[in-house]
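[1] need coordinates for the below:
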Amino acid sequence: GVLWLSIVAELLYVVLLLTGNILMSVEICYYSSVIDGLKINAFSAVVTVLAGLLGMVAHMMYTTVFQMTVNLGPEDWRPHTWDYGWSYGLAWTSFACCMAAAVTTINKYTKTILEFKHKRRKLERSFRIQYKFPDP
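    Coordinates of the predicted model:
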């Protein structure tokens, strides 16, 4: 049961990564305004975070199933020594890349939104000073 759950989680991981890549491609190729592009970019970052977390959980579940099989399986096909191998390193690298990309994207989104708010407040203040509107 856990093996199939880890396989389904790995497939969902791949689907979420593809969704994130498609959203990033849409953001690069087409958007109507800067804010729409930032929203698409932030949503793709969230999808990428979910993909990284799901991929790591799926890989850990698969590793646990393998360890249980090695420890509880028949003696004749049990390996006497084993290590995590290249897929374990690849899973950690993938997880680190997903998290780095998502954090960078979310930081860029937050920075841009804060800059827009600051510029808007600055413009509103300059209009109040220039036209001497009474404060509400």
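[2] show me the helices in this structure, by range?
    Under the criterion DSSP state H, the chain contains helices at 2-29, 34-72, 86-131.
[3] so what secondary structure elements neighbour the last one?
    On a contact count with 3 or more C-beta pairs under 8 Å, 6 or more residues apart in numbering; DSSP states H and E, helix 86-131 meets helix 34-72. The way it works is simple: take the backbone N, C-alpha and C, and place the C-beta from them, glycine included.
[4] the helix it packs on: which residues count as buried?
    By neighbour count with 16 or more other C-beta atoms under 10 Å, helix 34-72 contains the buried residues 37-38, 40-45, 47-59, 61-63, 65-66.
[5] helices and strands of this protein: which one has the lowest mean pLDDT?
    Using mean pLDDT, DSSP states H and E, helix 34-72 stands out as the lowest-scoring helix or strand of the chain, at a mean of 77.
[6] tell me the pLDDT at Leu114?
    At Leu114 the predicted local confidence, pLDDT, stands at 84.
[7] same question, Arg121
    With respect to pLDDT, Arg121 scores 86.
[8] that one - how many residues pack around it?
    When counting by other C-beta atoms under 10 Å, one arrives at 10 neighbours for Arg121.
[9] next: Val15.
    Residues near Val15, counting by other C-beta under 10 Å, number 13.
[10] ok, Tyr13 touching Val49?
    No: contact status for Tyr13 versus Val49: not in contact, 11.9 Å apart, counting by C-beta atoms under 8 Å.
[11] for Ser33, grab phi and psi.
    Backbone torsions of Ser33, given as degrees, to the nearest 10, read phi -140, psi 170.
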